[in-house]
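*Asks:* sequence-free structure coming up:
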């Protein structure tokens, strides 16, 4: 009012004529100026300005600002190689294993040809791999997978009819999310969690993730009380929580959920009438003394309505073949099974790869030898890596599964905050030339934790990693 | 009024009290009856009722009522086999070819092993196929594909940087649709069209298809006038049309778009500022005298804003390897290219398959021999099939590409309507034991047309097909 009243006076009084001429004139002047500037800087000839794309393409196309992806991309541009690029960046950010490549190489050399083109002398054997087969996978492969899962997960059986084979775990997660939740619905997810879930879940389905924060004081183990609290808070904020999703063994921590915790989670889900997605892609990479229990076993206990339980599995980690892109959706819900099978038209596994997997998984002698070696070698590598860190005074979380350690580098932080953590991430990447995934990329709320994958490193390389970390620690 | 007035009399008069008691009593009685019936047929114990899934899972899970899928499923249950099941259903519904399996078999036997595990004596060669590689495909493969496409499409070059490799054409179509249009937006599509587009486009993206009806009088060739009419009608109905999508060579007709028509379409798209998706998966299966021209070539002419032009390709048809699940998205739009590459995390092609394709596509002698034989053998088979039909008095549309004929069986209809067509489809399936795709499944508005795939038939089997059709024709 203070401003308006004097202005009114000016306008209605003698200043009226002056302002009445001045305002349109100056507006016209500024319009001319604006148009002239536009002409001087015409819209760039980038196609983005000429034809509209969907509103959802932009966010997907945008470069990620997550240190997980920044680290991976940076390491890819200057990769360490003992002989060719010894000063390159060592990759501890990618969860892959070369520990059993000798066994894999031998098996492939002996069996690849015969498994893909059986009876090589038959003129038509090509028709067994070249022609259309069901998008959701060969029944032979589903049967072989069911047998393999029982072998690595212990006391549980899988029904091949409830399985859809997918091009790795990523589409398996997306397909389940699409089937269980609508746009705007949410899933609870214990933190720290695998950064890739953000893309798997959010890129296309429109489903959101609500973090349930776990703490170092519990070795980052989920508790029902924090779960319940997160659920209630979400409800109060009007969110439609459709389920809980987690990795067991945990990625990035590597700890394993106890049977009791799994029961509690499923009881909680039953009480709230929500779904449970259990990502068990590291089930065969358990190397500690703690038993791994599949959520499928708990679902089978008879105590629960099974239809809310869904399992993700993939061969990328336990068989060390991420390049083969093969995984599954396993669900107890009829509608979900039917929909998932149809959706594999977008994510199906080539028939030659399926044939290879049938042969490999059915070769029980190989599988036995492989899994035993895989577990033992991860354990040895883990112990060596953890020992190396211990000598630097750097502790790790307790873990018994997975291809990584969850390392507490908080003692190396210059400030105890997310900024301090990202500053250390940067120093590791550029000074030590190590790409390790910072906890903040996994939504960990305690600064200073890093995921370090150690199963693609030789023993010598582990020593190099330690030397490089020491460089930053000093 | 005639009824109400006497009723008013009854209600307000002496009948009022009676009706006032009777109506609530009878309503209560029917309510009881309804509840009792519900109790007598309690909800089945299927899990669907216990925990809610997403609203979008149901429509996907639902069995299809399209005769395309019904035919495929029925044929799969009782498949014809010359020796083991000579009375089984002959599959003319699936677009696959066995015509060059001799060449493929020979190449695979000689090269499969070496291309997947190069230098078999090197202990680490497994690392070249087992480990993570970019989800959107190896650059080596993109370069090889660009070369191959120039070979089969003639005067056009493809930039490997604009390519994302996908698990077949299905995810390529879905990814493009997702990137170009939002939920509720629409694409124009000339009819008759490939029935699978409904799933590729509608299952997950929420984008709709508006048919643009082409007619037999034009040999089902699209004209700009019907396109313009459909566009305007859609606009008037408030639809946001984001583009036009079509197959060239057409699936199911097999006709080829002329260079002039392609120019006109792109000019139309530019005028309306919409996108063009050209599905060119049959480009290497052109066998007639008419030249095939890629929309990529028209986009390169310099006359247009290229960013609206997007190409789909796959190896399923031209290399007869649908079981290998390999295709591409090719786009001139930066945002679309970037988003498509990211979205291949859900649809990536296994590295061993990529390595195999690199070897195969780089083997120019094989490709030359294969493509020449493929085209010649389709032409021979086409001529034999069309001749057989001609002897029965059944004509076909003019075609020069693809693995099928578009057959005019209207003379066999008992009624000239969609019902009549479906009745003939049923008779072909159950009496003649032939699965051919009826035009209505392809949204053709003229009844009596059927798509018949002939490239998985031997010459003897073509004769059997003719004998069986004759059985229905009599």
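*Replies:* That came through, no problem. Quick caveat, the model's predicted, so the values are computed rather than measured.

*Asks:* And the pLDDT for the residue nearest to the spatial centre of chain A?
*Replies:* Residue closest to the average C-alpha location in chain A (CA atoms, centre = their mean): residue A:196, at 2.9 Å. pLDDT recorded at residue A:196 is 97.

*Asks:* just to confirm, which helix or strand has residue A:107 in it?
*Replies:* helix A:101-116 (DSSP states H and E).

*Asks:* interface residues of the stretch 301-450 of chain A facing chain B?
*Replies:* A:305-308, A:320-326, A:332-336, A:338-339, A:342-343, A:345-353, A:356 (CB under 8 Å from any CB of the partner chain). For glycine as for every other residue, the C-beta is placed from the backbone atoms N, C-alpha and C.

*Asks:* Counting neighbours, what do you get for the nearest residue to residue A:117 once chain neighbours are set aside?
*Replies:* Using CB to CB, 6 or more residues apart in numbering or on different chains and skipping the chain neighbours, the partner closest in space to residue A:117 is residue A:125 (5.1 Å). Residues near residue A:125, counting by other CB atoms under 10 Å in any protein chain shown, number 18.

*Asks:* Do a quick rundown of the strands in the stretch 301-450 of chain A.
*Replies:* A:309-314, A:327-331, A:404-408, A:434-435, A:437-438, A:449-453 (DSSP state E, counting those that start in this stretch).

*Asks:* Determine the set of other helices and strands touching the third one.
*Replies:* The elements that strand A:404-408 packs onto, with contact taken as 3 or more CB pairs under 8 Å, 6 or more residues apart in numbering or on different chains; DSSP states H and E, are helix A:364-391, strand A:449-453.

*Asks:* so for that strand, what's the average pLDDT?
*Replies:* pLDDT averaged over strand A:404-408 gives 98.

*Asks:* Spell out which residues sit in contact with the nearest residue to the residue nearest to the centre of chain A once chain neighbours are set aside, please.
*Replies:* Nearest non-adjacent residue to residue A:196, counting by CB to CB, 6+ apart: residue A:170, 7.0 Å away. The contact partners of residue A:170, taken as CB atoms under 8 Å, 6 or more residues apart in numbering or on different chains, are A:196, A:199-200, A:327, B:345-346.

*Asks:* same question, residue A:139
*Replies:* Contacts of residue A:139 (CB under 8 Å, 6+ apart): residue A:160.

*Asks:* per-residue pLDDT, it?
*Replies:* 98.

*Asks:* cool, and residue A:155?
*Replies:* Reported pLDDT for residue A:155: 86.

*Asks:* pretty sure it contacts residue A:297?
*Replies:* Yes - assessed by CB atoms under 8 Å, residue A:155 is found in contact with residue A:297 at 6.0 Å.

*Asks:* Name the residue in the two with the higher neighbour count.
*Replies:* residue A:297 (16 against 10).

*Asks:* can you tell me the helix or strand for that one?
*Replies:* Counting by DSSP H and E, residue A:297 is found in helix A:295-299.

*Asks:* about what we covered before: could I get the strands of the stretch 301-450 of chain A in TSV, plus columns for mean neighbour count?
*Replies:* What follows is the strands of the stretch 301-450 of chain A, written out as TSV (neighbours: other CB atoms under 10 Å in any protein chain shown):
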stretch	mean neighbour count
strand A:309-314	28
strand A:327-331	29
strand A:404-408	25
strand A:434-435	27
strand A:437-438	28
strand A:449-453	27
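
*Asks:* among these, which is nearest residue A:130?
*Replies:* strand A:327-331 (23.2 Å; CB to CB).

*Asks:* Other residues contacting that closest one?
*Replies:* A:137, A:145, A:158, A:162-172, A:175-176, A:179, A:281, A:296, A:309-316, A:336-337, A:340.

*Asks:* pLDDT at residue A:17, what is it?
*Replies:* On pLDDT, residue A:17 comes in at 51.

*Asks:* my bad, residue A:48
*Replies:* Value for residue A:48, per-residue pLDDT: 41.

*Asks:* So what pairs up with the residue lying closest to residue A:274 once chain neighbours are set aside in the strands?
*Replies:* Leaving aside its sequence neighbours, residue A:274 sits nearest to residue A:243 (CB to CB, 6+ apart; 4.6 Å). Residue A:243 has these beta-bridge partners by DSSP bridges: residue A:187, residue A:275.

*Asks:* returning to what we had before: avg pLDDT for the following helix or strand past the helix holding residue A:107?
*Replies:* With elements assigned by DSSP H and E, the helix or strand that comes after helix A:101-116 is helix A:127-130. Mean per-residue pLDDT for helix A:127-130: 92.

*Asks:* What of stretch A:225-234?
*Replies:* 98.

*Asks:* on that earlier part again, I'd like to know which elements the helix holding residue A:107 is packed against.
*Replies:* Helix A:101-116 packs on helix A:351-362, helix A:364-391, helix B:101-116, helix B:127-130, going by 3+ CB pairs under 8 Å, 6+ apart.

*Asks:* buried set for it?
*Replies:* A:101, A:103-105, A:107-108, A:112-113, A:115-116 (16 or more other CB atoms under 10 Å in any protein chain shown).
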